[in-house]
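Undergrad: what shape does this take:
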Amino acid sequence: MALVSLSIPDELYAVYSAMNPEKPIQQALTKQLERFKEFPAHDRALIFPPEVRKALEGIYGGPVEDFEKFLVWVRSMAALKVDGVELALSEGQRKRLVSEANFYERSYEMHAKQRLQQALESAIGY
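TA: Now for the predicted structure:
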């Protein structure tokens, strides 16, 4: 085991001390470093505050434990499904719909539904 010496602000030490009074820094820092060992230091990891994570998992229907399944679920949220046929909107299409909804001061859901219905009617009729 490597011995490392580092300085941290007193306020940060107090936060970790409240979590685990016996060995606040050693245990907490070891746990955090272990959690992020797969991520390069320069890479960006998404970390949600607890209330946001709980809300997201409420929408998802349970805890996010399999990131691949979660990614598939997120992608499906940005797709149309008509008679069992799924068609994903591109990022550009979604951005355009959001921009148009903002311009017309309408909800995204209402605006997107109307525009997509118009597109379908224009392409394949009523």
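
Undergrad: now do the contacts for residue 76.
TA: Applying C-beta atoms under 8 Å, 6 or more residues apart in numbering, we find residue 76 in contact with residue 86. Every C-beta, even on glycine, is put in place using the N, C-alpha and C of the backbone.

Undergrad: could you do residue 98 as well?
TA: Applying C-beta under 8 Å, 6+ apart to residue 98 gives the contacts residue 108.

Undergrad: part of a strand, is it?
TA: No: judged by DSSP: H, G, I helix; E, B strand; the rest coil, residue 98 forms no part of a strand; its state is helix.

Undergrad: begin at 2 from now on, thanks
TA: Renumbered: residue one is now 2, and that last one reads residue 99.

Undergrad: pLDDT at it, what is it?
TA: Per-residue confidence (pLDDT) for residue 99: 92.

Undergrad: quick one: secondary structure of the residue nearest the centre of the chain?
TA: Geometric centre of the chain, nearest residue: residue 47, 6.9 Å, by C-alpha atoms, centre = their mean. Using three-state DSSP, the structure places residue 47 in coil.

Undergrad: following the one helix or strand residue 32 maps to, which helix or strand comes up?
TA: If you go by DSSP states H and E, residue 32 is part of helix 25-36. Downstream of helix 25-36, the first helix or strand assigned by DSSP H and E is helix 51-61.
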